[in-house]
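Enquirer: can't give you the sequence, but here's the structure:
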Ligand code: URP
Ligand code: ZN
Ligand code: ZN
């Protein structure tokens with residue numbers, strides 16, 4: 001068979017095993033695995049040398065916000081910079097959240113997000129849909145599922161943004177999505193207690209004394225744990241399917257594990273920042289830059305989340321990329337309730353998880369691929385098109401060096417951000433070469449893709465069951 005590209009001499013790493021095999025690509029798909037493919041079937045194919053490297057499926061980041069109007073500004077990575085960053089970080093598919101504003105319908109939100117992505121995206125993309133008003137939007141959910149958007153998100157906080165859902169809305173969405181085969185993603189933080197704690201600490205004296213650290217003081221772990229517990233209870237009662245997004249606490253991991261053991265249909269992701277950072281960052285001079293919801297927690301939470309990944313109750317790692325520049329973060333002017341919430345992450349997802357996980361022996365290299373590529377694709381209804389190196393899958397392929405580290409420097413990165421939570425860190429796992437549907441988008445750590453190449457990917461049948 002004539003091949004377009006042969007990836008030669010690397011170690012193919014999947015969620016299940018590692019093999020020394022060449023990989024053949026044709027018409028954007030993986031079509032061959034064989035020893036010495038280059039010697040037997042070169043015939044005009046481009047040969048990519050992967051000797052000494054791992055060949056993995058493209059990363060799948062299922063929690064991304066690009067060009068998001070939020071906290072009085074708009075997140076600064078859009079579909080241009082954000083997907084270039086994804087490519088260089090080895091992420092070849094992202095899932096963003098289309099959010100209806102004001103009286104917009106779900107379809108209008110999807111149209112708005114398509115307009116953001118079209119002509120700009122350099123990697124493939126899909127959308128979840130946020131439900132901000134269940135009574136108005138619930139009737140349109142079935143149509144959205146038919147159009148390839150089977151996952152919905154409700155926020156338990158963010159009343160000021162007009163995004164908050166109450167218990168009835170969450171219960172209703174779980175019931176309906178169960179009938180329709182959809183899945184509900186929930187931002188789980190307990191709004192009532194959180195608002196009380198914010199009111200209590202929102203005074204000049206405390207802001208002067210603690211600065212950005214107040215962000216952590218008003219969000220103790222029980223704020224997340226209570227909300228996860230509540231969402232799990234509604235899931236158990238309805239028999240629905242729940243995906244806890246950006247889980248940051250040890251207590252959350254315990255609750256999810258227990259519920260899974262009881263047979264409740266709940267899955268949970270964590271994000272790279274909860275694995276790599278702890279809340280001591282808020283006590284530093286630029287502590288406000290790290291403000292995100294939920295905030296990074298304590299070392300014991302990190303430890304528990306790594307254990308959860310290895311054990312399985314934490315099923316995937318994403319980024320919750322929601323980038324704000326120093327100028328945008330400066331909007332806080334000493335009041336921690338006014339900081340735009342979110343951080344950059346797409347370009348460092350795989351490197352952070354690989355370096356902190358595999359090189360520190362918290363995960364095997366196969367678990368790394370499972371958590372960053374295969375399981376996210378499976379959960380979100382992208383598998384086996386994405387997240388795997390099977391014959392017939394999209395040729396989303398990334399080549400990483402197992403040990404060679406690069407120093408993180410936002411000045412040399414694709415993100416529009418003028419700071420990085422990992423500035424100066426030495427990380428392995430950046431994409432040395434990357435392919436999206438067979439087209440090379442990174443060559444020798446250099447972005448070579450093009451805007452508009454990325455395609456919308458419809459999704460069906462989310463969840464693992
Ligand atoms: O602070 C965050 N995480 N910003 C993005 C919105 C969200 O809650 O996911
Ligand atoms: Zn959220
Ligand atoms: Zn988010």
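Expert: Perfect, thanks for sending it. Quick caveat, the model's predicted, so the values are computed rather than measured. Numbers count the residues shown, from 1 in each chain. Ligands and ions are numbered 1, 2, ... in the order given.
Enquirer: Next one: residue 1, what pLDDT does it get?
Expert: As predicted, residue 1 sits at a pLDDT of 85.
Enquirer: So which bits of the stretch 51-200 of the chain are right by ligand 1?
Expert: 65, 187 (CB under 6 Å from any ligand atom). All C-beta spots, glycine's among them, are computed from the backbone N, C-alpha and C.
Enquirer: Enumerate every residue touching the residue most central in space within the chain.
Expert: Residue closest to the average C-alpha location in the chain (CA atoms, centre = their mean): residue 318, at 2.7 Å. For residue 318, the contacting residues are 61-64, 245-246, 269, 271-272, 349, 376, by CB atoms under 8 Å, 6 or more residues apart in numbering.
Enquirer: Throw the residues you listed into CSV and include pLDDT and distance to residue 332, thanks.
Expert: Formatted as CSV, those follow (pLDDT from 0 to 100; distance: CB to CB, whole Å):
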residue, pLDDT, distance to residue 332
61, 99, 27
62, 99, 29
63, 99, 24
64, 98, 23
245, 99, 24
246, 98, 21
269, 98, 27
271, 99, 22
272, 99, 23
349, 98, 26
376, 98, 32
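Enquirer: so residue 259 makes contact with residue 232?
Expert: Yes. Taking CB atoms under 8 Å as the definition, residue 259 is a contact partner of residue 232 at 4.6 Å.
Enquirer: okay, and the common contacts of those two?
Expert: Contacts common to residue 259 and residue 232, judged by CB under 8 Å, 6+ apart, are residue 266.
Enquirer: what sits against the spatially closest residue to the residue nearest to the centre of the chain that is not a sequence neighbour?
Expert: Excluding its sequence neighbours, the residue lying closest to residue 318 (CB to CB, 6 or more residues apart in numbering) is residue 63, at 3.7 Å. By CB under 8 Å, 6+ apart, the residues touching residue 63 are 95, 97, 245-246, 269, 271, 318-321.
Enquirer: Please apply the same query to residue 379.
Expert: 62, 183, 243, 267, 315-316, 462-464.
Enquirer: From those, keep the buried residues only.
Expert: Taking 16 or more other CB atoms under 10 Å as the criterion, what is buried in the contacts of residue 379 is 62, 183, 243, 267, 315-316, 462-463.
Enquirer: Looking at these, which are in helices?
Expert: Counting by DSSP state H, the buried ones among the contacts of residue 379 place none of their members in helices.
Enquirer: Which positions in the stretch 251-400 of the chain make contact with ligand 1?
Expert: Proximity of the stretch 251-400 of the chain to ligand 1 (CB under 6 Å from any ligand atom) is limited to residues 292-293, 320, 322, 341-342.
Enquirer: most neighbours, which of those residues?
Expert: Neighbour counts for those (other CB atoms under 10 Å) peak at residue 320, which has 26 neighbours.
Enquirer: residue contacts, that one?
Expert: Shown in contact with residue 320 (CB under 8 Å, 6+ apart): 63-65, 245-246, 271, 273, 292, 342-343, 345.
Enquirer: which SSE is residue 251 in?
Expert: Under the criterion of DSSP states H and E, residue 251 resides in helix 250-261.
Enquirer: Give me the mean pLDDT for that helix.
Expert: Averaged across helix 250-261, the pLDDT comes to 98.
Enquirer: hang on, the earlier thing: make JSON lines from the residues of the stretch 251-400 of the chain next to ligand 1 and add pLDDT and secondary structure to it.
Expert: Listed next are those as JSON lines, based on pLDDT from 0 to 100; DSSP: H, G, I helix; E, B strand; the rest coil:
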{"residue": "292", "pLDDT": "98", "secondary structure": "coil"}
{"residue": "293", "pLDDT": "98", "secondary structure": "coil"}
{"residue": "320", "pLDDT": "98", "secondary structure": "coil"}
{"residue": "322", "pLDDT": "98", "secondary structure": "coil"}
{"residue": "341", "pLDDT": "98", "secondary structure": "coil"}
{"residue": "342", "pLDDT": "98", "secondary structure": "coil"}
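Enquirer: From the residues you listed, pick the one nearest residue 428.
Expert: Within those, proximity to residue 428 (CB to CB) peaks at residue 320, which comes in at 22.6 Å.
Enquirer: and the two most separated of the contacts of residue 320?
Expert: 245 and 343 (14.9 Å).
Enquirer: Show me which of these two is the more surrounded one.
Expert: residue 343 (26 against 21).
Enquirer: if I read this right, the more buried one contacts residue 328, doesn't it?
Expert: No. In this structure, residue 343 is not within contact of residue 328 by CB under 8 Å, at 11.6 Å.
Enquirer: and the residue of the stretch 1-150 of the chain found nearest ligand 1, how far is that from residue 344?
Expert: At 5.2 Å from ligand 1, residue 65 is the closest residue in the stretch 1-150 of the chain, using CB to the nearest ligand atom. Spatial separation of residue 65 from residue 344 under the definition CB to CB, to the nearest Å is 11 Å.
Enquirer: overlap in contacts of the two?
Expert: By CB under 8 Å, 6+ apart, residue 65 and residue 344 have these common neighbours: residue 321.
Enquirer: Can you give me the buried ones in the helix or strand of the chain with the lowest mean pLDDT?
Expert: Least confident helix or strand of the chain, by mean pLDDT, DSSP states H and E, is helix 37-41 with a mean of 86. Buried residues in helix 37-41, counting neighbours by 16+ other CB under 10 Å, are found at 37-38, 41.
Enquirer: As a markdown table, those residues with distance to residue 200 would be great.
Expert: Shown next, in a markdown table, are the buried residues of helix 37-41 (distance: CB to CB, whole Å):
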| residue | distance to residue 200 |
| --- | --- |
| 37 | 65 |
| 38 | 66 |
| 41 | 69 |
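Enquirer: picking that back up, so which of the residues of the stretch 251-400 of the chain next to ligand 1 comes closest to residue 371?
Expert: Closest to residue 371, out of all of these and judged by CB to CB, is residue 320, at 15.2 Å.
Enquirer: Point out the other elements, helices or strands, that the helix or strand hosting residue 33 touches.
Expert: In this assignment (DSSP H and E), residue 33 forms part of strand 29-34. If contacts are counted by 3 or more CB pairs under 8 Å, 6 or more residues apart in numbering; DSSP states H and E, strand 29-34 sits against strand 22-26, helix 37-41.
Enquirer: Strands of the stretch 1-150 of the chain, residue ranges please.
Expert: Along the stretch 1-150 of the chain, counting by DSSP state E, counting those that start in this stretch, strands occupy 5-8, 11-13, 18-20, 22-26, 29-34, 46-49, 54-57, 59-64, 69-70, 73-74, 91-98, 124-130.
Enquirer: which stretch among those strands comes nearest residue 177?
Expert: strand 124-130 (11.2 Å).
Enquirer: average pLDDT for that closest one?
Expert: Confidence over strand 124-130 (mean pLDDT, whole number) is 98.
Enquirer: Quick one: work out the angle between it and strand 59-64.
Expert: 30 degrees (axes from the mean of the first three to the mean of the last three CA atoms, to 10 degrees).
Enquirer: quick one, strand 124-130 and strand 91-98 angle?
Expert: If you take the same axes, to 10 degrees, strand 124-130 sits at 30 degrees to strand 91-98.
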